[in-house]
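A.B. asks: How does the following fold in three dimensions:
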Amino acid sequence: MNHRATTLGLILGLALGLLASATDIGLLDRLADGVAPLGTLFINAIRMVVIPLVVTTIFVGVARIGNPKAVGKLGGSAFGFFWGTTVPAIVIGLAFMTIAMAIWPVAIEVPTIVEDIEELPGLLDLLLRLIPANPFAAAAEGALLPLIVFTLLMAAATVAVEEARRLRLITLAEDFSAVFVRLVHWILWTAPVGVFGLAAPAVARMGLGLLTGLAVFVGTVVVGLFVFMALIYLPAVRILGKKGVGDFVRGVTGSYVIGFSTTSSVASLPVMLEEADALGASPAVSSLVLSLGAAINRAGSALFQAGALVFLAAVYGVPLPFTTLVSAGFVGFVVAMSVAPVPSASVVTLAPILEAAGVPLAGLGLLLGIDRIPDMFRSATNVTGHVAAAVTVEGLVGGGASADDGAVSGSV
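C.D. replies: Here you go, the predicted model:
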């Protein structure tokens, strides 16, 4: 995705919307409303591909694990760290953005959509809906939560079949995933036009309050990411990894800078391996844990997506009761562990979370236009988490890592 062109599209859309909102020129109002179909087409294109992309990515990620016993102590400790840090990241994202919206409410007027939403399910209904009677019907209806559960179960069952069949299924799913990733790349090249078509009519209706809200959103996400690292990663490194906080912060600076500038865990992998070694992680630990982390550890993305859910719900006036937060949080947990390798993936894969909560997907266009800043910070947070995982796992397993443990990374 061309971030500069997308940012320009957002700026032009904001400018047109602000002029239409601040003046009584009917031509500007008609022009702002007239470009709305461009945004609708863009969102429809994302919705078209997001379900198959999420399903194939999750399937590959789970089926690739293989027999959990084969992963051994290293893999178990790594997954425990990834899962154990993703949950508090989601909670912090939800809590911080809720507080931010209470202190600096989104002062905009939008047509309410609450009356058009189905009655939100209770906790028992939520549990009953987890298992779809017809997964194909769930896909057609856009019911992501039961579809994700079905995909997880199918991928887990794939682990139990013979190796040759499992690998064929994984290869087929990877091939489909590669096609969908390419399709997303094509769609995102139209993002400048789509974002323009989304921003102009939105700002024409919402006015300057939307810009203030976006600034609050970005600031809250950045603060939340630093608080998350201070409350979760640093204590884990100190208590479980038995490494001084100062030593870790100094030792991970290079990885953080590379992750911040490239917004890529994979591009940061060589620096992470070097710094993990300097921090005392053995090659058997760092090779497995950092490779797994670069593939599935996305706590920073989970925090961003949780905050984005609360922010967009406030923008569109959608209530978020506890049961909705539970279902959306579960979807966010799974999606964060299986973020597809596409530009601004955390925004694109936010669609299942928004749909689980009944929040309009039009908000994705607004976030895409400003995503470069939070993307740098959340990518750097993810990279820091990968190194923290390696140091923590080293502290937990000590010298118990064998050559066989390190070899597991090639098949995971």
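
A.B. asks: mind listing what G395 touches?
C.D. replies: Residues near G395 by CB atoms under 8 Å, 6 or more residues apart in numbering: L240, G241, K242, K243. All C-beta atoms are positioned from the backbone trio N, CA, C, and that covers glycine.

A.B. asks: just the buried members of those residues?
C.D. replies: L240, G241, K243 (16 or more other CB atoms under 10 Å).

A.B. asks: wait, the second one sits on V397?
C.D. replies: No - with contact taken as CB atoms under 8 Å, G241 and V397 are classed as non-touching, separated by 10.9 Å.

A.B. asks: Quick check: of the buried ones among the contacts of G395, which lies closest to H386?
C.D. replies: Among the buried ones among the contacts of G395, G241 lies closest to H386 (CB to CB), at 13.1 Å.

A.B. asks: tell me which of the buried ones among the contacts of G395 is nearest to F196?
C.D. replies: G241 (47.0 Å).

A.B. asks: With G251 as the reference, measure out to that closest one.
C.D. replies: As judged by CB to CB, to the nearest Å, G241 and G251 stand 11 Å apart.

A.B. asks: give me the number of residues near V237?
C.D. replies: Neighbours of V237 under the rule other CB atoms under 10 Å: 27.

A.B. asks: and if you look at A22?
C.D. replies: Here the number of neighbours of A22 (other CB under 10 Å) works out to 12.

A.B. asks: So the residue nearest the centre of the chain, which state does it fall into?
C.D. replies: Nearest to the mean C-alpha position of the chain, by CA atoms, centre = their mean, lies S346 at 3.5 Å. Here S346 is recorded as helix under DSSP: H, G, I helix; E, B strand; the rest coil.

A.B. asks: quick one: average confidence on the biggest helix by length in the chain?
C.D. replies: What stands out as the longest helix in the chain, according to DSSP state H, is helix 68-103. What helix 68-103 shows for mean pLDDT is 83.

A.B. asks: Going by neighbour count, which residues of it are buried?
C.D. replies: 71-72, 74-75, 77-79, 81-82, 85-86, 88-98, 100-101.

A.B. asks: Same question for stretch 214-223.
C.D. replies: Buried-residue list, stretch 214-223, by 16+ other CB under 10 Å: L214, V216, F217, V218, T220, V221, V222.

A.B. asks: Setting the sequence-adjacent residues aside, check what's closest to the fifth one.
C.D. replies: Taking CB to CB, 6 or more residues apart in numbering, and ignoring the residues beside it in sequence, T220 has A100 as its nearest neighbour in space, at 4.2 Å.

A.B. asks: and the one you found, what is it in contact with?
C.D. replies: Counting by CB under 8 Å, 6+ apart, A100 touches V216, F217, G219, T220.

A.B. asks: switch to 10 Å and redo it
C.D. replies: 106, 213, 216-217, 219-221, 223-224, 307, 310-311, 314 (CB atoms under 10 Å, 6 or more residues apart in numbering).

A.B. asks: roughly how far apart are it and S291?
C.D. replies: Distance from A100 to S291, by CB to CB: 35 Å.

A.B. asks: I'd say M101 and A308 touch.
C.D. replies: No - using CB atoms under 10 Å, M101 is not in contact with A308, being 11.9 Å away.

A.B. asks: shared neighbours of those two, which are they?
C.D. replies: F217.

A.B. asks: Pull out the buried positions in the helix or strand that contains I353.
C.D. replies: I353 belongs to helix 351-357 when elements are defined using DSSP states H and E. By neighbour count with 16+ other CB under 10 Å, helix 351-357 contains the buried residues A351, P352, I353, L354, E355, A356, A357.
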